[in-house]
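Q: what's the 3D shape of this:
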Amino acid sequence: MINRLKDIVGENFIFENESMAEHTTFKCGGNAKLYIQPGSIDELVEVLAVLRDEDFPYYIIGNGSNLLVRDEGYDGAIVEIDARINDIDVIGDELVVDAGAKMNKVATVALDNELTGLEFAHGIPGDMGGACVMNAGAYGGEMKDVLKWVKVITKTGEVKTLQADELELGYRTSIIAKENMIVLQACVKLELGDANAIAEMMDFLMMKRKQSQPLEYPSAGSTFKRPEGYYAGKLIQDSGMKGYRVGDAMVSEKHSGFVINCGNATATDVLQVIKDVQAKVKETFDVEMEPEVKIL
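A: So this is what the prediction gives:
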């Protein structure tokens, strides 16, 4: 199987027993049995066909910005859609974006072409594929506001294009997530705007992000989904868990909605903090806290 995969991606882009601490923004976690970096959408489709044919478990990642891999590792293949599949084409007021393009870059390309609507994405630490899967959003904007269509691979290997009204985009969810589809490419439709105004808004939102979030530490962004009717960070702070620590995993003192790696935290440390926060908030406010970060 490995030889078949090497024939597709090249031997320099497939690794055995690869540390996932190198590929996640949490900077911790165990090893993946295989780590594969396809160089194009066609290569990705071929790689997935081989893995399905061999009945070999696999998991798709982008920038690794919303993922925690347990210290025991992953006994399967991690397939990375990131820096090698990241083209962005500008067609009038639309951007056609490969799944591995970073959201910062997409927002900057929109700015360069005087297109408004993606300012909120400046600073989101992930790729286009993940942003579509979870309907990423910040500061009042969401992907559902700009997506026109998304090209995906279904779990049976069919490549299809879903229009915006088929995506079932909601709070941190989509039909893509519900049906375990994989994003290949997406189109966002924007509007012509004033470059100076777009740049000012992007700078303003980045300043707010830096002031309010612990960007200087490894994390997976917001650790918990927002419970209906509440704010996760306020619940955690009001329950007395701000600054709570297990090993080098800690509830950020800057923003209680973030669990951070403030040194050499293990994935087990992070998971324990998550569990302890869930238990404390449940005990104090009788509210269930659901992790936003994916645990593999």
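Q: The helix or strand of the chain with the lowest mean pLDDT pairs with which strands, parallel or anti?
A: Least confident helix or strand of the chain, by mean pLDDT, DSSP states H and E, is strand 137-138 with a mean of 90. Using DSSP bridges, the strands paired with strand 137-138 are strand 141-142 (antiparallel).
Q: Quick one: mean pLDDT over the partner strand.
A: Averaging pLDDT along strand 141-142 gives 94.
Q: Work out the gap between that strand and the centre of the chain.
A: 15 Å (CA atoms, centre = their mean, to the nearest Å).
Q: Buried residues, the helix or strand following that strand. List them.
A: Going down the chain from strand 141-142, the next helix or strand is strand 147-153, by DSSP states H and E. For strand 147-153, the neighbour count (16 or more other CB atoms under 10 Å) marks Leu147, Trp149, Val150, Lys151, Val152, Ile153 as buried. For every residue, glycine as well, the C-beta is placed using N, CA and C.
Q: and what of stretch 285-296?
A: Buried residues in stretch 285-296, counted by 16+ other CB under 10 Å: Val287, Met289, Pro291, Glu292, Val293, Lys294, Leu296.
Q: which one among those residues gets closest to Met206?
A: Proximity of these to Met206 (CB to CB) peaks at Glu292, which lies at 21.1 Å.
Q: Count residues in the vicinity of the residue nearest to that closest one when sequence neighbours are not counted, would you?
A: Excluding the flanking residues, the one nearest Glu292 by CB to CB, 6 or more residues apart in numbering is Lys225, at 4.7 Å. By the criterion of other CB atoms under 10 Å, Lys225 has 17 neighbours.
Q: For Lys225, give me its contacts.
A: Listed by CB atoms under 8 Å, 6 or more residues apart in numbering, the contact set of Lys225 reads Tyr171, Arg172, Ala232, Met289, Glu290, Pro291, Glu292.
Q: Any chance of CSV for the residues you listed, columns pLDDT?
A: CSV is the format used below for the contacts of Lys225 (pLDDT from 0 to 100):
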residue, pLDDT
Tyr171, 88
Arg172, 86
Ala232, 95
Met289, 97
Glu290, 95
Pro291, 95
Glu292, 92
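Q: out of these, who's nearest Ala249?
A: Using CB to CB, the contacts of Lys225 come closest to Ala249 at Pro291, 13.5 Å.
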